[in-house]
Every structure is written in C-alpha cells, then in structure tokens.
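# Quick check, what structure comes out for this input:
(chains A and B)
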Amino acid sequence: MDSINIEGTPKTPSVSFEAATGKLVIKGRSIPENSIEFYKPLVDWIDKYTSEAKGVVEVNMQLEYFNTSSSKCILDVFKKLENLHNKSVAEVVINWYYEEDDEDMLEAGEDYQSILKLPFKMVEVSTPA
Amino acid sequence: MREIIHSLFEKVVKGDVILSFEGIITSELLDDVFSKAEDQLKALNESPRIIKKVYNILVEALQNLFHHLEIPPKEFFENSEFKKDSHYAFFCMTREGAGVYRITTGNFVKNQTGYFLRDRIEQLNYLSQDELKDLYKIVLNNDEFSAKGGGGLGFIEMARKSGNKFGFELLRQNNDYSFFILEVLIS
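Numbers count the residues shown, from 1 in each chain, chains lettered A, B, ... in the order given. Next up, the predicted model:
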C-alpha cells in the first residue's frame, strides 16, 4: 500500500502516513475554508489500511491551529482509526501534542478523547522561542 | 443604503485599530489578513497563548463571513463604488488593552437568517463555559455538515474561546434584508 506525503501550506497541515511503519503524522495548521476536500483522501487511506495494519499504529497529531471546519474532519479521521483499532489486529495510539501554555489545544484533545474509545496520550512540548 | 452601511463601519473603526476592511470578501483577501494579523500580534509582544486565541477567533469570524454573507440588495449598489452583486462585508479588529481584543464583523443577511442568528446568539450568550463545552462536543459528533462546509461549530467555538458574551445588532434594511453586526470581545 502506498504512503501519503503532503507538504504543509499556510492553510493546510503536512501529512505523512506510512503504511510500512504504521506511523501517521499530521502537523501544522489546518484552516482551509473547505476542509472536507483536504481530509477525504486521508479518511479513505485509513479505511484501506485497516485490512493490512499490524502491530502499533502511532498517530502524532501536532497541530498548531485548526478551524471548526477541520475539527469535524479530524473527528472523521479518528473515527476511522477507532474502526481500525477495533477491527484489525493493530493497536492505535494517538499522541496529541500541545504547547505548554496552549490550554485551548489541550482541551481540544481532551474533547476528542472523551468522544472516542481510543488511547490518547497528551504530550506537552515547550513553546518555540 | 450604501452611506448608512458605511457609517456603521466608521462607527466600528475606532481606538487602537489593528486591522480593518470594508469591501469584497475573497479567499485570497482572508489569507492575507490572517498572515498580517499574526505578524501584528507578534509585534505587539502578546504571549503565544493570546496570539493563538485571537488568531483562532479571527479565522472563525472571517470564515463565517466568507461562507454565510448574503450578497447585498440592489439598492446598496446604487451610487456605490462596488460592482453589482459582489460579496460585500466589513470587519475590524481593535486592541482594547494588553491581551484584550475586539473583533467586529458586518454583513447582510436575509431577514429570516437574521432572526435565526439572533436566537442562536442569545442562546449561546446564556450558556456557561461548561455548557458550551458540552454543546460543542454534541455538535462536533453529530455527523452533519452544512451545505457550505461549515460544521455549525463556529459560533460555539468563538463563545468558548473568547470567554465573553457576543455583542450583536440586527438592523433591518428592507422587507428582505437586514444588516448583521457581530462583536466578539477576547479577554
């Protein structure tokens, strides 16, 4: 299965989904006016990956900003991962990154955690100078 | 009608203005505004926490305009500098003190939409932070997208992040249209 590699833009995050290693990274800002277009291929990829995933699927969410149009799409990504976690032999772990003083981003991660049945780890990182 | 709306804009653009705009809303304009706003907030030495909060709310407020503004009625374009049927709106961001900002937007809406917005904002203004959090999660998880791609979450998110009640005015312009002014105070 092919990997996904998308470079970030001022409005969309960089994406790296590697089928071979099970490492999925979404990083940067996600503020497109229409996010469905951006996230649909990611959701479809996870759907396909469900039949071949093995071991641990590590998901690193390293978002700086996201708008509410993205927030529903991010939930769709997580729901597909939840499905993968339940239906495949693989185990999904979500690492939700937030900068040390960014309570809003921590709270956003906790909101997802409370909706989903997936192991979440909140990872605090220091604010870049 | 054009003069009345312009005078509303002038009333809003007061104090320590960080950015203001009156005219045609496009995706490219918003990209430019977001990047300038971020640079200005950094230049004002605001903390990363405040910069993110203000930036987030600005994105929601202006993308709301982009998705939901109504093209003004034809009287608006008489003696106006704008091309007929263009996507007119205005917005302004002012600094009210260290870490305190006010974002105001103005756009036309159909009267029916205006009543809907008024009810929705009054409901949100009534909710506590905990209730807003619960409502956010319910709407986030309801599998519905509006026809314009928004998730119906924008107002809830702005209420949650701003920590203040919305200010708004709904000014009837004719039998079909009202002018809607939204004010979000971030502190």
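
# Now the phi/psi pair for B:Y177, please.
phi -120, psi 150 (degrees, to the nearest 10).

# mind listing what it touches?
Going by Cβ atoms under 8 Å, 6 or more residues apart in numbering or on different chains, B:Y177 touches B:E70, B:P72, B:P73, B:F108, B:V109, B:K110, B:N111. For the C-beta atoms, the positions are set from N, CA and C on the backbone; glycine is no exception.

# Can you say which of those are buried?
Among the contacts of B:Y177, the ones that count as buried by 16 or more other Cβ atoms under 10 Å in any protein chain shown are B:E70, B:P72, B:P73, B:F108, B:V109.

# Could you find which two of those residues are furthest from each other?
Greatest spacing in the buried ones among the contacts of B:Y177, by Cβ to Cβ: B:P73 and B:V109 (11.1 Å).

# quick one on the thing from earlier: distance to chain A for the contacts of B:Y177 - can I get that in a markdown table?
Output for the contacts of B:Y177, formatted as a markdown table (distance: Cβ to the nearest Cβ, whole Å):
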| residue | distance to chain A |
| --- | --- |
| B:E70 | 17 |
| B:P72 | 21 |
| B:P73 | 25 |
| B:F108 | 19 |
| B:V109 | 19 |
| B:K110 | 21 |
| B:N111 | 26 |
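
# Max pairwise distance over those: which two?
B:P72 and B:N111 (13.6 Å).

# Just to check, B:V109 is in contact with B:A89?
No. With contacts counted by Cβ atoms under 8 Å, B:V109 stays clear of B:A89, the gap being 10.5 Å.

# any common contacting residues for those two?
Common neighbours of B:V109 and B:A89, using Cβ under 8 Å, 6+ apart, are B:L69.

# So for the residue in chain A that chain B sits nearest to, what pLDDT did the model give?
Nearest to chain B, among the residues of chain A, is A:T68, at 3.7 Å (Cβ to the nearest Cβ). Looking at A:T68, its pLDDT reads 93.

# Now it: closest residue in space that isn't a chain neighbour?
Leaving aside its chain neighbours, A:T68 sits nearest to B:L153 (3.7 Å; criterion: Cβ to Cβ, 6 or more residues apart in numbering or on different chains).

# so what's that neighbour up against?
So B:L153 contacts A:T68, A:S71, A:K72, B:Y136, B:V139, B:L140 (Cβ under 8 Å, 6+ apart).

# Am I right that A:Q113 falls within a helix?
Yes. Counting by DSSP: H, G, I helix; E, B strand; the rest coil, A:Q113 is located in a helix.

# What separation do you get for the residue nearest to it when sequence neighbours are not counted and A:Y112?
Among residues not flanking A:Q113 along the chain, A:F120 sits closest, at 4.2 Å (Cβ to Cβ, 6+ apart). Remark: distance between A:F120 and A:Y112 (Cβ to Cβ, to the nearest Å) = 7 Å.
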